[in-house]
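Visitor: Show me the folded form of this:
(2 chains)
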Amino acid sequence: MSTLQQRLTRPSRARIGREKTNWPATAILAACAFSVLMPLFVTVSMAFKSAGQAVDGKAFSWPDPFSVEGFTAAWELVNFPRAFTISLFITLISVCGGVLVASMASYAIHRNWNRKFYRYSFYYLLGAMFLPFPVLALSQVKLTGLAGLDNPFGVAILHVMFGLSFNVLLFTAFMRGLPAELEESARMDGASTWTAFWRIIFPLIAPMSATVAIFAFLGSWNDFMMPSLIIAEQANQTLPVVQQLFQTQFSNNYHVSFASYLLAMAPSIIAYLFTQRWVMSGLTQGAIK
Amino acid sequence: MALIESTVSAPPAAAPRPARPRRRPSMHLLFLLPALACFTLAITVPAIMGIFFSFTDSVGFGEFEMVGLRNYAALVTDPAVLGAYAFTIGFSLITVLLTNALAFLLALGLTAQIRARVVLRTVFVMPMVISGIVIAYVFNFLFSNTLPAAGQAMGLETLGSSILANPDLAWISIVIVTAWQAIPSAMLIYIAGLMAIPYDLYEASALDGAGAVGQLRHVTLPLMAGYIGINMILGFKNFLAAYDIIVGLTNGGPGVATRSIAMTIFTGFERGDYAYQMANATVFFLISLLIALIQLRLTSKESK
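Guide: Residues are numbered from 1 along each chain as shown, chains lettered A, B, ... in the order given. Next up is the predicted model:
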């Protein structure tokens, strides 16, 4: 863990005799960075155009005059507050549920690794890591419909369950690196399993919880496939799914559609910019495991 | 390590401690059982249901009969299904190569002695946090408006009209957008790998007279082989399940030129092909499993 942090923050893979700034590399990377940012720039510039200017479909022209009419129209058209709230609801349950369910299950498995039942449970949960959603989709749509879970709550539950395999793997690996003495001494003082988990273990696994939370956030906030299939009521659709509206209708109101795309992208980009360091080390940690 | 710890907390067989050891496992069971139960209902039951219905002629509701392997026999001669598999596998292979080549180069660049490292890294990771369908809609606009306009201005005939409407070229747009979004995660793995290479190896090879290219070939690449393998497998597995970005760009079209396996499976809702597409999903599952086994082999070799 600490070595990883050091690795990530270590200045560079400096080679011998090359301590000077590598300007060609900097220039090439800067050029590449512009190509990454280009679609985002187009989104912003199109979103702030007026109806009259947007209609020509020129992507790179600067908005003149600056106009927010696209935003007011998009806000109404897709019912942004509602779609945003539903996305937020799904994401909150996916993130909190993902961390809690996986960490508690991992704790039980980790503590009882010498018992067959827990060991087999671990392998059982791990099995789903190889199941892509399309494989289960047809049955899940049918079952969620029968269970009355063809709604945002059902989507959130499925997100938690699909994430369980990978998260249990991450948590158990992390718990193996924790010192056992802390918990044992709390036990001596009479702490119950419940107290020991919440007071000792849960704070200790915080770094891994952050990783799990980031993956759960990205997976549920940005998802299109699962909500579009599972949620039956169109009015309960998530922010990414309601963007479909602009492909079927209003397809030439570019300023409205791009304002809506920007509204859909902005929350995760802003969240990312503010939590950048965490996200970076969290994603790397999850990716390496 | 895990074994030592758990033997500490488990009741010793010879001299059982009073009361507490018996209470603890039951609490642990409470920690695990809800997760197991929900998991079984949400994942295992649908999986078994899918495999079961793949041997029936169900249309999704009402009565059905067992038909044995008839669905599977029909699958291997169905041009729509074979086309989807060919497209998805081909697209995944090309995307995986493009993604990893670019991600590796970016990782090399970002770990070199450059300026503005933090800003550049922030920018390069950004595509990862953006919704696939939304960015696909943005690219959809660029491919169907901006690119044709540029093509006409330069007098290029093929680019003069939208490549999304061209059955021979539409896949390129999907490769570009998928790679745009998939590069960051591969890049982060490569950066971590590059940072782990001991500094002295570069010193030693420099003393032996290796230049930058020599160091890349004889130090960096051999040591990164494991990371490259994992990235390739992970990427390939993800791309096989492609759906969001294709919906946003071509929606499987023009015609069925860019229809992915996932899209074919989902037609099971629309045309009464429920059981048939269950068989398709089962085949897709077996392929995913095969890739997962390769991945496991690679990872276990890595950790040894």
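Visitor: who in the stretch 201-304 of chain B is up against chain A?
Guide: Residues of the stretch 201-304 of chain B found near chain A (Cβ under 8 Å from any Cβ of the partner chain) are B:202-203, B:206, B:212, B:215, B:237, B:240-241, B:243-244, B:247, B:251, B:261-262, B:265-266, B:268-269, B:274, B:277-278, B:281-282, B:284-285, B:288-289, B:291-292. C-beta here means a position set from N, CA and C on the backbone, and glycine is covered the same way.
Visitor: buried subset of these?
Guide: When those are checked for burial by 16 or more other Cβ atoms under 10 Å in any protein chain shown, the buried set is B:202, B:206, B:215, B:237, B:240-241, B:243-244, B:247, B:261-262, B:265-266, B:268-269, B:274, B:277-278, B:281-282, B:284-285, B:288, B:292.
Visitor: Restricted to strands, list those.
Guide: The strands in this structure, assigned by DSSP state E, contain none of those.
Visitor: which parts of the longest helix seen in chain B are buried?
Guide: Ranked by residue count under DSSP state H, the longest helix found in chain B is helix B:79-110. Neighbour-count burial for helix B:79-110 flags B:81, B:84-85, B:87-88, B:91-92, B:94-96, B:98-100, B:102-110 (criterion: 16+ other Cβ under 10 Å).
Visitor: Need the residue closest to the centroid of the chain.
Guide: Because you didn't say which chain, this covers chain A. The residue lying closest to the centre of chain A (Cα atoms, centre = their mean) is A:L218, at 1.2 Å.
Visitor: looking at chain B here, not the other one
Guide: B:N238 (1.3 Å).
Visitor: Spatially nearest residue to that one (excluding sequence neighbours)?
Guide: Excluding its sequence neighbours, the residue lying closest to B:N238 (Cβ to Cβ, 6 or more residues apart in numbering or on different chains) is B:A182, at 7.0 Å.
Visitor: Around that neighbour, how many other residues sit close by?
Guide: 26 (other Cβ atoms under 10 Å in any protein chain shown).
Visitor: Just the element for it, please.
Guide: helix B:170-196 (DSSP states H and E).
Visitor: Please name every helix or strand in contact with that helix.
Guide: Identification of packing neighbours for helix B:170-196 by 3 or more Cβ pairs under 8 Å, 6 or more residues apart in numbering or on different chains; DSSP states H and E yields helix A:2-9, helix A:276-288, helix B:79-110, helix B:117-125, helix B:132-141, helix B:221-240, helix B:244-249.
Visitor: got the buried residues for that helix?
Guide: Buried-residue list, helix B:170-196, by 16+ other Cβ under 10 Å: B:170-171, B:173-195.
Visitor: Okay, angle between it and helix B:221-240 too, please.
Guide: Here the directions of helix B:170-196 and helix B:221-240 differ by 140 degrees (axes from the mean of the first three to the mean of the last three Cα atoms, to 10 degrees).
Visitor: right, is the longest helix of chain B up against chain A?
Guide: Yes - Helix B:79-110 lies within reach of chain A by Cβ under 8 Å from any Cβ, at B:106, B:109-110.
Visitor: can you redo those as CSV with distance to A:F34 and pLDDT?
Guide: Shown next, in CSV, are these (distance: Cβ to Cβ, whole Å; pLDDT from 0 to 100):
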residue, distance to A:F34, pLDDT
B:L106, 14, 95
B:G109, 14, 92
B:L110, 16, 92
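Visitor: from the residues you listed, which is closest to chain A?
Guide: Of all those, B:G109 has the smallest distance to chain A: 4.7 Å, by Cβ to the nearest Cβ.
Visitor: Touching, the closest one and A:A25? I think so.
Guide: Yes - B:G109 is within contact range of A:A25, at 5.0 Å (criterion: Cβ atoms under 8 Å).
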